[in-house]
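A.B. asks: with the sequence up front, the predicted model follows.
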Amino acid sequence: MTDGCTIGELARRAGVPTSTVRFYERRGLLEAAGRSRANYRIYGPRAEERLGFIRSAQQAGFTLKDIEVLLGFRDDPTPSCGGVQALIESRLELVEAESRRLVQVERMLRGWLSVCREAEASGRCGVLEGLREKNLEKTGDRP
(Lines give C-alpha, C1' and ligand atoms only; values in the text may rest on other atoms or scores of the structure.)
Protein backbone atom coordinates (compact mmCIF):
# COMPACT_ATOMS: atom_id res chain seq x y z
CA MET A 1 0.00 0.00 0.00
CA THR A 2 1.36 3.45 -0.83
CA ASP A 3 -0.25 6.72 0.31
CA GLY A 4 -3.64 5.21 0.95
CA CYS A 5 -6.54 3.39 -0.56
CA THR A 6 -10.30 3.57 -0.67
CA ILE A 7 -12.59 1.41 1.42
CA GLY A 8 -13.23 -0.80 -1.62
CA GLU A 9 -9.53 -1.37 -2.19
CA LEU A 10 -8.93 -2.09 1.50
CA ALA A 11 -11.85 -4.53 1.61
CA ARG A 12 -10.69 -6.29 -1.55
CA ARG A 13 -7.16 -6.71 -0.20
CA ALA A 14 -8.50 -8.15 3.04
CA GLY A 15 -11.05 -10.37 1.29
CA VAL A 16 -14.05 -8.84 3.06
CA PRO A 17 -17.04 -6.79 1.94
CA THR A 18 -16.91 -3.02 2.45
CA SER A 19 -19.75 -3.41 4.96
CA THR A 20 -17.35 -5.39 7.17
CA VAL A 21 -14.84 -2.55 7.15
CA ARG A 22 -17.60 -0.10 8.10
CA PHE A 23 -18.82 -2.48 10.82
CA TYR A 24 -15.31 -2.73 12.30
CA GLU A 25 -15.11 1.05 12.29
CA ARG A 26 -18.43 1.33 14.17
CA ARG A 27 -17.20 -1.26 16.70
CA GLY A 28 -14.02 0.75 17.22
CA LEU A 29 -11.78 -2.03 15.91
CA LEU A 30 -10.60 0.15 13.03
CA GLU A 31 -10.00 3.85 13.28
CA ALA A 32 -12.28 5.96 11.15
CA ALA A 33 -10.48 6.83 7.95
CA GLY A 34 -9.69 10.31 6.77
CA ARG A 35 -11.46 11.65 3.72
CA SER A 36 -10.18 12.66 0.34
CA ARG A 37 -11.20 15.90 -1.35
CA ALA A 38 -13.85 13.88 -3.13
CA ASN A 39 -15.07 12.70 0.30
CA TYR A 40 -13.88 9.10 -0.16
CA ARG A 41 -12.54 7.27 2.88
CA ILE A 42 -8.78 6.90 2.58
CA TYR A 43 -7.05 4.15 4.56
CA GLY A 44 -3.34 3.97 5.23
CA PRO A 45 -1.00 1.02 5.81
CA ARG A 46 -1.92 0.84 9.51
CA ALA A 47 -5.57 0.13 8.65
CA GLU A 48 -4.63 -2.70 6.30
CA GLU A 49 -2.31 -4.25 8.88
CA ARG A 50 -4.92 -3.88 11.64
CA LEU A 51 -7.62 -5.41 9.44
CA GLY A 52 -5.28 -8.34 8.74
CA PHE A 53 -4.75 -8.78 12.50
CA ILE A 54 -8.53 -8.80 13.09
CA ARG A 55 -9.10 -11.39 10.35
CA SER A 56 -6.29 -13.61 11.65
CA ALA A 57 -7.68 -13.44 15.18
CA GLN A 58 -11.14 -14.39 13.91
CA GLN A 59 -9.70 -17.37 12.06
CA ALA A 60 -8.05 -18.44 15.33
CA GLY A 61 -11.50 -18.53 16.95
CA PHE A 62 -11.50 -15.24 18.84
CA THR A 63 -14.75 -13.30 19.12
CA LEU A 64 -14.97 -9.61 18.28
CA LYS A 65 -15.03 -8.87 22.01
CA ASP A 66 -11.84 -10.93 22.40
CA ILE A 67 -10.31 -9.05 19.49
CA GLU A 68 -11.11 -5.73 21.16
CA VAL A 69 -9.17 -6.94 24.19
CA LEU A 70 -6.30 -8.25 22.06
CA LEU A 71 -6.07 -4.95 20.19
CA GLY A 72 -6.00 -3.17 23.53
CA PHE A 73 -3.08 -5.35 24.63
CA ARG A 74 -1.37 -4.83 21.29
CA ASP A 75 -1.82 -1.06 21.34
CA ASP A 76 -0.48 -0.81 24.90
CA PRO A 77 3.15 0.34 24.95
CA THR A 78 3.90 -2.58 27.32
CA PRO A 79 1.71 -5.44 26.09
CA SER A 80 0.56 -7.99 28.64
CA CYS A 81 1.51 -11.51 27.64
CA GLY A 82 -0.23 -12.74 30.80
CA GLY A 83 -3.46 -11.09 29.70
CA VAL A 84 -3.21 -12.70 26.28
CA GLN A 85 -2.59 -16.09 27.88
CA ALA A 86 -5.64 -15.68 30.14
CA LEU A 87 -7.78 -14.79 27.14
CA ILE A 88 -6.51 -17.81 25.21
CA GLU A 89 -7.16 -20.11 28.19
CA SER A 90 -10.70 -18.77 28.49
CA ARG A 91 -11.32 -19.25 24.76
CA LEU A 92 -9.87 -22.80 24.95
CA GLU A 93 -12.28 -23.73 27.74
CA LEU A 94 -15.21 -22.61 25.58
CA VAL A 95 -13.86 -24.46 22.53
CA GLU A 96 -13.38 -27.65 24.57
CA ALA A 97 -16.93 -27.42 25.93
CA GLU A 98 -18.31 -26.88 22.42
CA SER A 99 -16.24 -29.80 21.16
CA ARG A 100 -17.75 -32.08 23.82
CA ARG A 101 -21.22 -30.88 22.89
CA LEU A 102 -20.55 -31.55 19.20
CA VAL A 103 -19.36 -35.10 19.99
CA GLN A 104 -22.72 -35.68 21.74
CA VAL A 105 -24.59 -34.25 18.75
CA GLU A 106 -22.60 -36.48 16.39
CA ARG A 107 -23.47 -39.58 18.45
CA MET A 108 -27.13 -38.60 18.49
CA LEU A 109 -27.22 -38.00 14.73
CA ARG A 110 -25.48 -41.31 14.02
CA GLY A 111 -28.03 -43.07 16.23
CA TRP A 112 -30.91 -41.36 14.47
CA LEU A 113 -29.49 -42.25 11.09
CA SER A 114 -29.33 -45.89 12.15
CA VAL A 115 -32.93 -45.82 13.41
CA CYS A 116 -34.04 -44.14 10.21
CA ARG A 117 -32.31 -46.70 8.00
CA GLU A 118 -33.77 -49.63 9.99
CA ALA A 119 -37.33 -48.26 9.86
CA GLU A 120 -37.18 -47.15 6.21
CA ALA A 121 -38.68 -50.39 4.87
CA SER A 122 -41.75 -50.01 7.11
CA GLY A 123 -42.66 -46.68 5.51
CA ARG A 124 -42.48 -44.94 8.86
CA CYS A 125 -39.70 -42.77 10.16
CA GLY A 126 -38.71 -43.65 13.69
CA VAL A 127 -36.80 -40.41 14.07
CA LEU A 128 -39.74 -38.16 13.17
CA GLU A 129 -42.01 -40.15 15.43
CA GLY A 130 -39.44 -40.12 18.22
CA LEU A 131 -38.94 -36.36 17.98
CA ARG A 132 -42.70 -35.85 17.96
CA GLU A 133 -43.07 -38.03 21.07
CA LYS A 134 -40.26 -36.15 22.82
CA ASN A 135 -41.98 -32.83 22.02
CA LEU A 136 -45.32 -34.11 23.29
CA GLU A 137 -43.69 -35.23 26.55
CA LYS A 138 -42.08 -31.83 26.93
CA THR A 139 -45.30 -29.85 26.29
CA GLY A 140 -47.65 -32.26 28.02
CA ASP A 141 -49.87 -32.40 24.93
CA ARG A 142 -49.98 -36.17 24.72
CA PRO A 143 -52.99 -37.46 22.74
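C.D. replies: Cool, got the structure. Predicted model only: the values in this text are computed from it and were never measured. Residues are numbered from 1 along each chain as shown.
A.B. asks: for residue 46, which non-adjacent residue is closest in space?
C.D. replies: residue 31 (7.8 Å; C-beta to C-beta, 6 or more residues apart in numbering). In short, each C-beta sits where N, CA and C put it, glycine included.
A.B. asks: give the contact list for that neighbour.
C.D. replies: Shown in contact with residue 31 (C-beta atoms under 8 Å, 6 or more residues apart in numbering): 25, 46-47, 50.
A.B. asks: and with 10 Å instead?
C.D. replies: Residue 31 is in contact with 24-25, 43-44, 46-47, 50, counting by C-beta atoms under 10 Å, 6 or more residues apart in numbering.
A.B. asks: in terms of pLDDT, where does it sit?
C.D. replies: Looking at residue 31, its pLDDT stands at 85.
A.B. asks: quickly note the distance from it to residue 75.
C.D. replies: Distance of residue 31 to residue 75, given as C-beta to C-beta, to the nearest Å: 11 Å.
A.B. asks: that older thread, the residue nearest to residue 46: what secondary structure?
C.D. replies: For residue 31, the assignment made with DSSP: H, G, I helix; E, B strand; the rest coil gives coil.
A.B. asks: and the end-to-end length of stretch 114-124?
C.D. replies: The first and last residues of stretch 114-124 sit 14 Å apart, counting by C-alpha to C-alpha, to the nearest Å.
A.B. asks: what's next to that stretch, contact-wise?
C.D. replies: 125-130.
A.B. asks: tell me which stretches of the protein form helices.
C.D. replies: Using DSSP state H, the helices of the chain run over residues 7-14, 18-27, 45-59, 64-75, 81-119, 126-139.
A.B. asks: the first one vs helix 18-27, what angle?
C.D. replies: Here the directions of helix 7-14 and helix 18-27 differ by 100 degrees (axes from the mean of the first three to the mean of the last three C-alpha atoms, to 10 degrees).
A.B. asks: quick revisit: now the common contact residues for residue 31 and residue 75.
C.D. replies: Common contacts of residue 31 and residue 75 (C-beta under 10 Å, 6+ apart): residue 50.
A.B. asks: adding pLDDT, write the contacts of stretch 114-124 out as a markdown table.
C.D. replies: Output for the contacts of stretch 114-124, formatted as a markdown table (pLDDT from 0 to 100):
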| residue | pLDDT |
| --- | --- |
| 125 | 80 |
| 126 | 77 |
| 127 | 82 |
| 128 | 81 |
| 129 | 76 |
| 130 | 76 |
